[in-house]
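S.K.: predicted model and sequence follow; I will ask about them next.
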Amino acid sequence: MRTRREIRARKALWDRIAYHGIGIGTAFFFLAPFAVSFLASFRPNSESGRPPLPPWPISGMSFDAYRALDSFGAGIWQHMFNSLLVSIGTVFLTVAVSVLAGYGFSRYRFPFKNALFVLIIATLMIPFQSILTPLFIILARLGLNNSLVGLMLVYVTLQLPFSVFMMRNAFDAVPKEIEEAARIDGARDLKLLVRVLLPLVMPGIATVSIFAFLNAWNEFFAALVLLSSNDNYTLPVLMTAVRAGRLGAINWGAVQAGVAVMVVPCLFVFLLLQRYYMRGLMAGAVK
Amino acid sequence: MTTSALTSAIRRRRPKRQTGWRGLIYIAPAMALVTLFFVLPVLFTLWMSLHKWPLLGEPAWIGLRNYTRMFTDARFFNALGFTAHYTLIVTMAIFAVAFPLAIFVEKQRPLVSLYRTIVFLPVVVGLASASLLWVWLANVDSGLFAPLFDVLGLTSGRINLLAKFDTAFLTIIVMVVWKIAGFTMIILLTGLQAIPAELTEAARIDGAGRWQRFRHLTLPLMRRTMALALILSVTGSILAFDQFYIMTSGGPQNKMISVVYYIFNQSFVSFNLGYGAALSIALLLILVTLSVVQLWLLKVGDERP
């Protein structure tokens, strides 16, 4: 009896060791590239061209790589500002537009309602990569060529199918009784929406925001095509210049520093708002 | 009694008040954006594809000649072939990694949510950032892999991974798996967790082995989820651009030009905007066809219990 329990305990122990062994190995594969690059970005100039063996700085920590990165384009602060401006602008506009549309689709009846909803969702089927040339021309006609505002508007449009879908579901989940009570108290339309309903759909807004932020911050192809002057480059476009190097020599320290600057905000935002991110992912997957 | 009469009166009145054009005001901003930056560009692409459209100067109507040109364009077919090849390999690689991972993180155990989060981390960074990170890792002089393999004695001397097609392709596949596997894992995980525990339990009592349960119970019940993960992976891979542009600039001997990359070259490097538009329409048709197949696949999944 006792031996059987011992055998079982031993088996459970081995099982646990095997499980966490695999877990740690997997975690290592997925974390190591971040860790190596991040550590290497603090190596001084004299080490930045050498292989990262070991990845951490040997002769003391230094910000040489970040200084080198700053010497590209219009300076790293400018490009961080561009990226932040576009991303945060995209978040605010996406939230504003999709909250209004979600409310309209959830609470009102009007002609062609279903057709219009399907139209918005159906844009998901069409890759935006295939309409960039006309977008370029349309933005030029609007006086928004090579402009961060133009890029922002394109990003907002790309976010709409997911965001409108999310917000409509969020409003659908709010009981109608709450609205009726507020109506009796004299709240109408926009006032009702902002004062009463907005707090109730905050989780949906959080989900929409985090997706809008990450997608705008990370987007590369549209930014590459639509931005033409150095000063306006967002971080990913700036990094193509860094990666191309000067006079045939690539400053890898600057590349590592650039990767850190682009990656850290994403990881931070994700870890902070993981719950809302996963909710959005599930909603998309279930649909 | 008066209260209920009042509420029912409100209920009766409400739909009447809400029918009409007021709702359109709320959706107007969204519709304006979608029309201006999506519907119009799609129609415009179609219009452009029927023209010879240089960057400067007047566009000239040439009918379907851009489309007939496509069929004799060997480079376009190379791009199509490469994209199909890449899509096939990368999708298989992603599934080969993501499926075991999904099974690994399925059960609630200590630290499991930490493992899930770590595997998911690369998903939230940009493909451009990931490409930059890996192009450094794969660099022959300053990177990690070549010197590491050399030190470990796996290769004699440092080999330049990005100089030959096969090794460059492999590097990109590994990078994309690292970047995307967490996403596919989470999608598959939702499917796994939707399988009722009683079913698995019943099968085990009936004497079904681990593999049998997986083959005859898990896989059929996950058909819908797998179709979704498959489609997301396929559509994403067909549109691949960042990794080829940043990591190999089109690859050794221009062998790594994907369809989107080719459209980019035609439109924004050679400035054949009309031809680029025709190629875009071809890409669009491929993707819309895939979406229709997707809807059909998901429907087929629905019919099964």
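M.R.: Happy to help now that I have it.
S.K.: quick check: domain ranges of chain A?
M.R.: A:2-66, A:75-286 (automatic domain parsing).
S.K.: nearest to chain B among those domains would be which one?
M.R.: Set against chain B and scored by C-beta to the nearest C-beta, the domains of chain A come closest in domain A:75-286, at 2.6 Å. Any C-beta I mention is one placed from the backbone N, CA and C, and that applies to glycine too.
S.K.: tally of neighbours for residue 100?
M.R.: Let's take chain A. 20 (other C-beta atoms under 10 Å in any protein chain shown).
S.K.: that's the wrong chain, I meant chain B
M.R.: Residues near B:Pro100, counting by other C-beta under 10 Å, number 15.
S.K.: Three-state assignment for it, please.
M.R.: Here B:Pro100 is helix, with the state taken from DSSP: H, G, I helix; E, B strand; the rest coil.
S.K.: what residue is smack in the middle of the chain?
M.R.: With no chain named, the answer covers chain A. A:Leu214 (0.7 Å; C-alpha atoms, centre = their mean).
S.K.: wait, chain B was what I had in mind.
M.R.: Central residue of chain B (C-alpha atoms, centre = their mean): B:Gly236, at 1.7 Å.
S.K.: same for the helix or strand hosting it, what does it pack against?
M.R.: B:Gly236 belongs to helix B:223-238 when assigned by DSSP states H and E. The contact analysis (3 or more C-beta pairs under 8 Å, 6 or more residues apart in numbering or on different chains; DSSP states H and E) places helix B:223-238 against helix B:74-104, helix B:165-193, helix B:273-303.
S.K.: from the contact counts, what lies against the first one?
M.R.: Pointing back at helix B:74-104 there. helix A:2-40, helix B:165-193, helix B:223-238, helix B:259-264.
S.K.: roughly how far out does the second one sit from the chain middle?
M.R.: In this case it means helix B:165-193. How far helix B:165-193 lies from its chain's middle: 11 Å, per C-alpha atoms, centre = their mean, to the nearest Å.
S.K.: buried ones in that helix?
M.R.: Buried positions in helix B:165-193, judged by neighbour count with 16 or more other C-beta atoms under 10 Å in any protein chain shown: B:167-169, B:171-192.
S.K.: which outside residues touch the lowest-mean-pLDDT helix or strand in chain A?
M.R.: When the helices and strands of chain A are scored by mean pLDDT, DSSP states H and E, helix A:189-191 comes last with a mean of 78. By C-beta atoms under 8 Å, 6 or more residues apart in numbering or on different chains, no surrounding residue is in contact with helix A:189-191.
S.K.: any idea how far it is from the middle of the chain?
M.R.: Helix A:189-191 sits 30 Å away from the centroid of its parent chain (C-alpha atoms, centre = their mean).
S.K.: can the helix or strand just after that helix be found next to chain B?
M.R.: Downstream of helix A:189-191, the first helix or strand assigned by DSSP H and E is helix A:202-218. Yes - judged by C-beta under 8 Å from any C-beta of the partner chain, helix A:202-218 comes into contact with chain B at A:214, A:217-218.
S.K.: any buried residues in helix A:202-218, and which?
M.R.: Here helix A:202-218 shows A:204-218 as buried, counting by 16+ other C-beta under 10 Å.
S.K.: for the residue of the stretch 51-200 of chain B found nearest chain A, grab phi and psi.
M.R.: Among all residues of the stretch 51-200 of chain B, B:Gly126 sits closest to chain A, at 2.9 Å; criterion: C-beta to the nearest C-beta. Main-chain dihedrals, B:Gly126, degrees, to the nearest 10: phi -70, psi 150.
S.K.: does it touch A:Phe213 like I think?
M.R.: No - the pair B:Gly126 / A:Phe213 is not scored as a contact, 11.8 Å apart, by C-beta atoms under 8 Å.
S.K.: look up how far chain A lies from the closest residue in space to B:Phe244 that isn't next to it in sequence.
M.R.: In space, B:Phe244 comes closest to B:Met256 once its chain neighbours are excluded; the distance is 4.8 Å by C-beta to C-beta, 6 or more residues apart in numbering or on different chains. Here the criterion is C-beta to the nearest C-beta, to the nearest Å. By it, B:Met256 lies 16 Å from chain A.
S.K.: picking that back up, now the helices and strands packed on helix B:74-104 as a markdown table including distance to A:Leu135 and mean pLDDT?
M.R.: Shown next, in a markdown table, are those (distance: least, C-beta to C-beta, whole Å; pLDDT from 0 to 100):
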| stretch | distance to A:Leu135 | mean pLDDT |
| --- | --- | --- |
| helix A:2-40 | 33 | 91 |
| helix B:165-193 | 26 | 94 |
| helix B:223-238 | 20 | 88 |
| helix B:259-264 | 13 | 94 |
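S.K.: for B:Asp150, which of the ones you listed is the nearest?
M.R.: helix B:165-193 (14.2 Å; C-beta to C-beta).
S.K.: now do the buried residues in the helix or strand just after the closest one.
M.R.: Sequence-wise, the next helix or strand downstream of helix B:165-193 (DSSP H and E) is helix B:197-205. Residues B:200, B:203 are the ones in helix B:197-205 that count as buried (16+ other C-beta under 10 Å).
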